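Undergrad: Mind looking at a prediction? Sequence and model below.
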Amino acid sequence: MLKACFHNRGPWALFAALLVPCAALHAGIADDLGALAPGGSLALTSNFIYRGVSESDGHGAVQGDVHLASRGGTFLGIWASTRDPDIEPEASAVLDLYLGHRFALSSTWSATLSGRTHSYLGASRYEPSDDYQQIIASLTYLDGWSISITAIPNAVHWWFYTRLGRDPAWVADTSGQYLLGRGVFLTAGAGYYRTQGTGSGMERATGYAYGNAGLAWEHGPWRLDVGYFLTQEAAQRLYPYPVDPHKVAGTLSWQF
C-alpha cells in the first residue's frame, strides 16, 4: 500500500503524509497511550547522505520521523525520506520502521539495542527487492558522543552496476558534538562499511570508510546542520550509482 501511494508522487506527497501523524499526535493521542510519549521531527536537507553516499544524487530531500517512547526506555517509530528515483532501485522514497530499547547504565552512559527495516517505496517492479533489515547496538555518553555496531544479515551486494546477490554486512561508526556556546556545536563523525564476500575478484569482501565534520546551531525546536562529507572512493564498488567523495550538505530540522 505504501509503495503504491508514493510511486511517482515526489517529495511533497511524503511531506504531507508525515504531517498527518504529527497532527494526530498533538491532537491528544498521547492521552490514550498511557506511559508512551510521542515525538518526532521534520527536516529539509540539501543532500540526503547515508553512510557517506548520496541517496538523492546531490539533490535536496524531505525527511521526517514519528515515534513513541516509554518511560522504561522502549521506543518504536517510523522514519522516511525522499530520494532520487533515477538511481537504483528507482524508488522515490525510503521508509524505516524501527523498534528498540535504551538502557540507562549510569547518569552519563547509556546503551541502545534496536532493529530497523529499510524499505524502498515505489521501486521498480521489474527488479529484485533491495529492502533489508539491520540490528544496531550503540553506546552513548551524555548524548554528546556515541559509537555503534550494525549488523545487516541480508545486505544487497553490488559490484559497481552489477548485482551479485545478498551477503552479510557490518557497519562501525561514531559521531559526536561539542558545545562551543550560544547553541553552536562542533560536529564530527566517521564510519566503515564492510560487506562479506563469497569468493575472489568482484565477489570478494570489500568495504569503504567515510566521515564528516561541521557545525550545528540549535534554537528551541529548530536545528541547522552544515557539514563537509568525505567518502572513500572504494564506495563506488558497492553502489550502483555515482559516488562523490567530497560533499557539502546542510539540513534544517524541527523537533516536536
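TA: Nice, thanks for sending it over.
Undergrad: Quick one: residues contacting residue 174.
TA: By CB atoms under 8 Å, 6 or more residues apart in numbering, residue 174 lies in contact with 145, 146, 147, 148, 189, 190, 191. Glycine gets a C-beta too; all of them are placed from N, C-alpha and C.
Undergrad: can you list the residues you listed in CSV and add distance to residue 111?
TA: Listed next are the contacts of residue 174 as CSV, based on distance: CB to CB, whole Å:
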residue, distance to residue 111
145, 13
146, 10
147, 10
148, 10
189, 19
190, 20
191, 19
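Undergrad: What's the PyMOL syntax to select whichever of those residues are buried?
TA: Only the buried entries of the contacts of residue 174 go into this PyMOL selection, using 16 or more other CB atoms under 10 Å:
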select buried, resi 146+148+189+190+191
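Undergrad: And the contacts of residue 174, which is closest to residue 183?
TA: Using CB to CB, residue 145 is the member of these that sits closest to residue 183, with 18.5 Å.
Undergrad: My read is that residue 55 contacts residue 80, right?
TA: No: between residue 55 and residue 80 there is no contact under CB atoms under 8 Å: 12.0 Å.
Undergrad: Quickly list what residue 175 is bridged to.
TA: residue 146, residue 189 (DSSP bridges).
Undergrad: all strands of the stretch 101-250 of the chain, in order?
TA: 109-121, 132-141, 145-159, 162-181, 184-195, 206-219, 222-231, 246-255 (DSSP state E, counting those that start in this stretch).
Undergrad: could the ones you listed go into a markdown table alongside distance to residue 90 and mean pLDDT?
TA: Formatted as a markdown table, the strands of the stretch 101-250 of the chain follow (distance: least, CB to CB, whole Å; pLDDT from 0 to 100):
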| stretch | distance to residue 90 | mean pLDDT |
| --- | --- | --- |
| strand 109-121 | 8 | 97 |
| strand 132-141 | 17 | 98 |
| strand 145-159 | 14 | 96 |
| strand 162-181 | 13 | 95 |
| strand 184-195 | 22 | 98 |
| strand 206-219 | 23 | 97 |
| strand 222-231 | 22 | 98 |
| strand 246-255 | 22 | 97 |
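Undergrad: Export the ones you listed as CSV, with columns for distance to residue 42.
TA: As requested, the strands of the stretch 101-250 of the chain are exported to CSV (distance: least, CB to CB, whole Å):
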stretch, distance to residue 42
strand 109-121, 18
strand 132-141, 23
strand 145-159, 23
strand 162-181, 20
strand 184-195, 20
strand 206-219, 15
strand 222-231, 11
strand 246-255, 5
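Undergrad: For residue 37, which of these is the nearest?
TA: Closest among the strands of the stretch 101-250 of the chain, using CB to CB: strand 246-255, at 13.3 Å.
Undergrad: tell me which residues in the closest one are buried?
TA: Those would be 247, 249, 251, 253, for strand 246-255 by 16+ other CB under 10 Å.
Undergrad: who does that strand touch, helix- and strand-wise?
TA: strand 37-45, strand 222-231 (3 or more CB pairs under 8 Å, 6 or more residues apart in numbering; DSSP states H and E).
Undergrad: tell me the angle the longest one makes with strand 206-219.
TA: With axes from the mean of the first three to the mean of the last three CA atoms, to 10 degrees as the criterion, the two stretches strand 222-231 and strand 206-219 enclose an angle of 160 degrees.
Undergrad: Mind listing the shared neighbours of residue 55 and residue 80?
TA: Shared contacts of residue 55 and residue 80, defined by CB under 8 Å, 6+ apart, are found at residue 94.
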